[in-house]
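Novice: Next comes the sequence, and after it the predicted model I'd like to discuss.
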Amino acid sequence: MPRLVYYLAVIAVLAALPFFLASYQGDVYRKMLLWVTLALGYSFLFGIAGQVAFSHFAFYGIGAYGVVILWFKLGVPLPLAVIGAIAVCAVLALVVAIPATRLEGFYLALATLAFAQLLIVVLTEGGEVTGAAAGIQRYALPAIFGVRLTGPYYTAVIVLLLVGTYAILSRLERSWFGRACRAARDNSEAAAAMGVDVARIKVIAFTLTSTLAGAAGIVYAFVDNGVAPTSFDIDKVFTLLFMIVIGGSGRLAGAVVGAVLLYLAPFVLEPYIGHHHPLVYGCIMLAAILFQREGLIGVFDGVRRRFARARPRSMELAA
Amino acid sequence: MSDLLDLLVTATASGCIYGLVALSYLLMIRPTGIINFAVGEWATAGAFAAFAFLTLVELPYVVAIPGVVAVMLLIGWATELVAVRPLVVKGAPIIAPILALLAMLVIMREVIGWTFGPDQFRVPYPFGFRRVELGPLGGSPQNFFIIAATLAVFAAAWFFFERTVWGRIFEAVAINRRAAALMGINLARVTAFAFAAGAACAGLAGLLVSPSFSAHWLMGVPLAVQGFSALVVGGVGRVEGALLGGLILALAEQLTQRYAPIPSGYAAGVPLLLLILFLMVRPTGLLKAREAR
Amino acid sequence: MSTPLLSVCRLTKRFGGLVAVDALDFELASGEILGLIGPNGAGKTTTFNMIAGAYAPTGGEIRFAGAPIHGLPPHEIARRGIMRTFQHNMPFAGLSIADNVLVGAHTKFRGGIGGILVGTARRDEAEQRRRAEEMIAFVGLGEAVGVPVTALSFGQGRLLEVARALAGEPKVLLFDEPAAGLTPGECERLAGIIRGIAERGIAVLLIEHDMRFLLPLAGRVVVLNFGRKIADGPPEAIRDDPAVVGAYLGDPAAAHAGMRERR
């Protein structure tokens, strides 16, 4: 019960925040929440399940384009379009996962990278169906129960997505499933000997996180009321990777920290560095890999440990 | 018919570029197992170095080529020193240098983009535009030069691996790192050499392709993907595989673009599909590593 | 005479032209400690790997409680109640000691992913955590809780292997050279643990090279040489069997004499 109250409080605060922000800030805030959502799923896939995949943004795009094409272009009623888009993501994720997770380490990365690039090609060449390079623009959510969900009011939808994603992933992480994913990551031979169906666990982890990314895509489609291939290009997944490594790979809290930091950093750095903020990401990422592979969360943990050790000593001195 | 032959020449030249990038990967993967996605940015660096030497400083081509190669050797060595050596020394898992190199990819790209700006930079055609005819085959002089240069590099690489002591050392490290170290081989030096040589190959690819496509700060990642596709198709075990893979990829791409009844934009997808196909069906590529002798 | 829990019948494994295991027969009953020994290359590890599911046999059968299990993958073998340890300790480096042991209990968690999401898996989790603590105490790793798995000594790592395998509530426990790399004190402790395991009714199969560890511990010993069984009996009988002695000392005459007797 207290957990549910906690979640509701967080939802309320996060959803209410944009009403205190300027319209432009609200937009940045909403996009940041979407990146946090993506980072959570990606952190699970990369850090906990140990799969290096570059297809996360591709599924984000498939979710977004899926719902828009089904609803706006094909006239499917919105609830069915949402379900349809999720189904397409799940099926495609399975189709990619089943052969791809058999591949060793970085061959999986390559296959998913190729898949992501292929998607961009298909979207760009899709002509009428996908709107080609310009994408599909200028549609808008219908009024739901008489309420137009735009601007700050749409934040509630994004927050629900974020909290829902977090709730699902944190439960999975702490369960036998999370343990099995980590075991398969650390030593697949021993994991199999303990009864873990390694192939199946990998497929489930990939499909689940990719489908969650697709769900985020569906929500994204109505943030700007436009989808274009450039929103899903390969660079974005590198940024996502940097976010979770810098924040702390394999920890959901790390994903949040990394995503917030790296999403807001360009706005702070713009006067000094213009559009070349990825340079800063790259440097911090390099520093993280070389010096603190547990990321910022690792730094925080280290500080906490040092305070825990310090306290008994100071009590002794006082006595 | 001459149309097809012309296309063959163009495709071969394209394939040579992919092959050079694939060779770059191969030189680093074999002794260390590290997949260095930053090869694309190395090619970009080569292209911009070519721009600097040929357009800015207007050096003659004969001087510019070794100049670019020298710069690239330095960049490769520096990359290894910063992103790989400290991690190998620490005994980090192989994902660590791969991620560090991804970070380097972004750093290099942004540095190039910041220094030169987002425009395309013309690099002069060193041999002019007059069509060259070699029997039934005809094409631009640049394409023939690319093919010739690539053949020279691959011949040198083949010779290196098959006939020189250092090549043997590379193979030994590729087969069993620990045993090689125990036998006194200096792993750090082999790795540094691998990265320097890899950078030189990738940089050369950038130099060779820059007149046709201009130097642009974002040209790296597509080249990196195409190069790796070529490597997967051709097989990581043999130097010749890199070139074969590149040629097959380029041929498939250009034949599709020219003759297939689908919009030409889809041709960009062909290397990707081939990569996926090979990863699924034959991840070891077409050419197997030679049996131990 | 207890019914055999695990039975191996004309088990054969060929690698190309090499016959690693040749028509091997033996049985294992609940609560029994069976040692599988033989000189290097005799086929012990291959046999072990076939039972554990790492290889599929070329011929013959492996039956567990009467049902065929040969050719099943390792996770299916574990699911049926046959767990194993690894000679070169294979802990999960990114997990705590308790979590390592909990992975051993993987097959005991009921309810799929749905159960996790809805929250019904929480009871299983609490119960298995309690069991895991019991197993950790049983093997004597209690004080090491909180130590990162990578910092454990080799002997402690071995104890972790055992605790982890026990967490799965196995009916058969396969030990791959459990004494290898242990100090004499650690060996004694391990022998006590293995006896305790057998007393709980679990069938134990050990591959071992260390005779001082194995012979006092095993109730019965099967000896392999060149992939074939050359002896099967209590440790005292094995020790004096000329075929066995011949196999280990490399005396072909004695070895062949022993093999001819068997046939």
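Specialist: Sure, I can see it.
Novice: Pick out the residue closest to the middle of the chain.
Specialist: Assuming you mean chain A. Among the residues of chain A, A:Leu38 comes closest to the average C-alpha position under CA atoms, centre = their mean, at 1.0 Å.
Novice: Chain C, not that one
Specialist: Nearest to the geometric centre of chain C sits C:Leu174, at 1.1 Å (CA atoms, centre = their mean).
Novice: residues in contact with C:Val204?
Specialist: With contacts taken as CB atoms under 8 Å, 6 or more residues apart in numbering or on different chains, C:Val204 has the following neighbours: C:Glu32, C:Ile33, C:Leu34, C:Val172, C:Leu173, C:Phe175, C:Ile194, C:Ile197, C:Ala198. (C-beta placed from N, C-alpha, C; glycine too.)
Novice: I meant to write A:Ile62 there.
Specialist: Remark: with contacts taken as CB under 8 Å, 6+ apart, A:Ile62 is in contact with A:Ala85, A:Val88, A:Cys89, A:Leu92, A:Leu119, A:Gly214, A:Gly217.
Novice: re earlier: which secondary structure element is home to the residue nearest to the centre of chain A?
Specialist: Counting by DSSP states H and E, the element that carries A:Leu38 is helix A:23-43.
Novice: isn't A:Met243 right next to A:Trp35, touching?
Specialist: Yes - checked against CB atoms under 8 Å, the pair A:Met243 and A:Trp35 is within contact range at 7.3 Å.
Novice: what residues are shared contacts of these two?
Specialist: Applying CB under 8 Å, 6+ apart, one finds that A:Met243 and A:Trp35 are jointly contacted by A:Ala259, A:Tyr263.
Novice: Settle it for me: which of those two has more neighbours?
Specialist: Under the neighbour definition other CB atoms under 10 Å in any protein chain shown, A:Met243 and A:Trp35 were set side by side, and A:Met243 has more, 29 against 22.
Novice: Please report how far that one lies from A:His276.
Specialist: Note on A:Met243: its distance to A:His276, by CB to CB, to the nearest Å, is 18 Å.
Novice: re the thing from before, now the residue nearest to the centre of chain C: phi and psi?
Specialist: Geometry field for C:Leu174 lists phi and psi as phi -100, psi 130, criterion degrees, to the nearest 10.
Novice: One more: C:Arg14?
Specialist: For C:Arg14, the backbone dihedrals are phi -110, psi 140 (criterion: degrees, to the nearest 10).
Novice: Contact partners for the residue nearest to it when sequence neighbours are not counted?
Specialist: Using CB to CB, 6 or more residues apart in numbering or on different chains and skipping the chain neighbours, the partner closest in space to C:Arg14 is C:Thr58 (4.5 Å). With contact taken as CB under 8 Å, 6+ apart, C:Thr58 is in contact with C:Thr12, C:Lys13, C:Arg14.
Novice: and if you look at A:Gly247?
Specialist: A:Gly247 is in contact with A:39, A:43, A:253-259, A:261, A:295-297, counting by CB under 8 Å, 6+ apart.
Novice: Farthest-apart pair in those, please.
Specialist: A:Ser43 and A:Leu261 (13.8 Å; CB to CB).
Novice: Could I get the contacting residues of C:Pro74?
Specialist: Taking CB under 8 Å, 6+ apart as the definition, contacts of C:Pro74 comprise A:Glu189, A:Ala192, A:Ala193, C:Ala52, C:Gly53, C:Ala54.
Novice: pretty sure the second one is in a strand, no?
Specialist: No - A:Ala192: not assigned to a strand; according to DSSP: H, G, I helix; E, B strand; the rest coil it is helix.
Novice: State the number of residues packed around the closest residue to C:Thr183 other than its chain neighbours.
Specialist: Leaving aside its chain neighbours, C:Thr183 sits nearest to C:Gly155 (6.5 Å; criterion: CB to CB, 6+ apart). Burial of C:Gly155, expressed as a neighbour count using other CB under 10 Å, amounts to 17.
Novice: quick one: the strands in the chain?
Specialist: Because you didn't say which chain, this covers chain A. Taking DSSP state E as the test, the strands found in chain A are A:136-137, A:226-227.
Novice: if you could check chain C rather than the one you did, that'd help
Specialist: If you assign secondary structure with DSSP E, the strands in chain C sit at C:4-15, C:18-29, C:33-37, C:59-64, C:67-68, C:82-84, C:172-176, C:203-207, C:220-225, C:228-233.
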